[in-house]
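Trainee: Predicted model, plus sequence, below.
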Amino acid sequence: MQRTEINHYATLGLDRGCTTTQIRAAYRRLAKEHHPDLNHGDAAARESIQAVNAAYEILRDSGRRLDHDRELDAGKASAPVWQAGKCQRVIVQDVNLRIEDFLRGTEREVRVNDPANPRGPETYRLVVPAETAPGSRFRLPRSAPFAGGFVQLRVRALPSFRFKVRGSDLRCDLRIKPERATQGGREMIPGITGAMLSVQVPKGVARGQILHLRGEGLPKPRGGRGDLLVRIAYRVAVRISRSPRR
């Protein structure tokens, strides 16, 4: 089958009414996702970045974009790239998980919207193993009519009410009394597994100082776990004084 022209809007995951700002934002996101430094030796990723670069070069230029729109209207362009009866379209999407899911693993139904798919949204089953690092990518084969392509899902950690996420490190606050800050001692805080962790507070600790609990964060890409960064805060001492009677 002869290869047709590509729908550059679909390559960037956009519709034809998109603005220049949206085109630039989509390009930056996809260029980062498919960057060679993150996909060593991946032929599919290399083809994807080439398609993304070509789409951006066309759509950022008003004249070339107008010509491309005319091709679309004339029916000369199609959303996927067809070759040997297969569609090689790639979709990239983030999936947000709870912090504890990275340690114990989880399964999710992921809904993917591809403007180029006339059948509407696609649903994929994502299995995240235990001890998965934030930022990990999972490649799932696409179903018809895009057989031969794939969905790349990147898992990201949602912050919780107790922890903030920074890569594989977590951050939380520990509020202590001024007396504890002066004298030092041991405090207990809950970790991400629910177990209580001991924090040794040094004498004269300063407000805002960070204490490291090694290996109590999220999994790292190459094994092990990040740290839990505990920021010291002081409890406000409240004194109630009685007004003199009149």
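Mentor: Received the coordinates, thanks.
Trainee: Which SSE is immediately downstream of the lengthiest helix in the chain?
Mentor: Longest helix of the chain, by residue count under DSSP state H: helix 43-59. Using DSSP states H and E, the helix or strand that follows helix 43-59 in sequence is helix 62-73.
Trainee: Give me the buried positions along stretch 14-25.
Mentor: Leu14, Ile23 (16 or more other C-beta atoms under 10 Å). Placement of C-beta: from N, CA and C, glycine included.
Trainee: Let's test this: mean pLDDT of that stretch, rounded?
Mentor: Mean per-residue pLDDT for stretch 14-25: 84.
Trainee: Between its first and last residues, how far does it reach?
Mentor: With C-alpha to C-alpha, to the nearest Å as the measure, stretch 14-25 spans 11 Å from end to end.
Trainee: start at 45 instead
Mentor: All right, first residue 45 from here; so that's stretch 58-69.
Trainee: Show residues contacting it.
Mentor: For stretch 58-69, contacts defined as C-beta atoms under 8 Å, 6 or more residues apart in numbering pick out Tyr53, Leu56, Ala70, Tyr100, Leu103, Arg104, Asp113, Leu116, Pro159.
Trainee: which of the residues you listed sit farthest apart?
Mentor: For those, the maximum inter-member distance is 18.7 Å, found between Arg104 and Pro159 (C-beta to C-beta).
Trainee: the helices in this structure, which residues?
Mentor: 52-55, 64-77, 87-103, 106-117, 145-148, 222-227.
Trainee: quick one: the second one to chain centroid distance?
Mentor: For helix 64-77, the gap between its own C-alpha mean and the chain's C-alpha mean amounts to 15 Å (C-alpha atoms, centre = their mean, to the nearest Å).
Trainee: That helix to helix 106-117, inter-axis angle?
Mentor: Here helix 64-77 points in a direction 80 degrees away from that of helix 106-117 (axes from the mean of the first three to the mean of the last three C-alpha atoms, to 10 degrees).
Trainee: before we move on, the earlier item: report all helices and strands that the longest helix of the chain contacts.
Mentor: Packed against helix 87-103 by the contact rule (3 or more C-beta pairs under 8 Å, 6 or more residues apart in numbering; DSSP states H and E) you find strand 49-50, helix 52-55, helix 64-77, helix 106-117.
Trainee: Which positions within that helix qualify as buried?
Mentor: Here helix 87-103 shows Ala88, Ala89, Ser92, Ile93, Ala95, Val96, Ala99, Tyr100, Ile102, Leu103 as buried, counting by 16+ other C-beta under 10 Å.
Trainee: tell me which of those is nearest to Leu214?
Mentor: Ranked by distance to Leu214 (C-beta to C-beta), these are led by Ala89 at 29.8 Å.
Trainee: and the most centrally placed residue in the chain, bridged to which residues?
Mentor: Centroid-nearest residue in the chain: Arg200, 3.9 Å away (criterion: C-alpha atoms, centre = their mean). Note on Arg200: beta-bridge partners by DSSP bridges are Asn140.
Trainee: still on that earlier bit, go through the helices and strands packed on helix 87-103 and pick out the most buried.
Mentor: helix 52-55 (a mean of 24; mean count of other C-beta atoms under 10 Å).
Trainee: Please enumerate residues in contact with that one?
Mentor: Residues from elsewhere that reach helix 52-55 (C-beta under 8 Å, 6+ apart): 59-60, 62, 95-96, 98-99, 102-103, 112, 116, 123-124, 133, 158-160.
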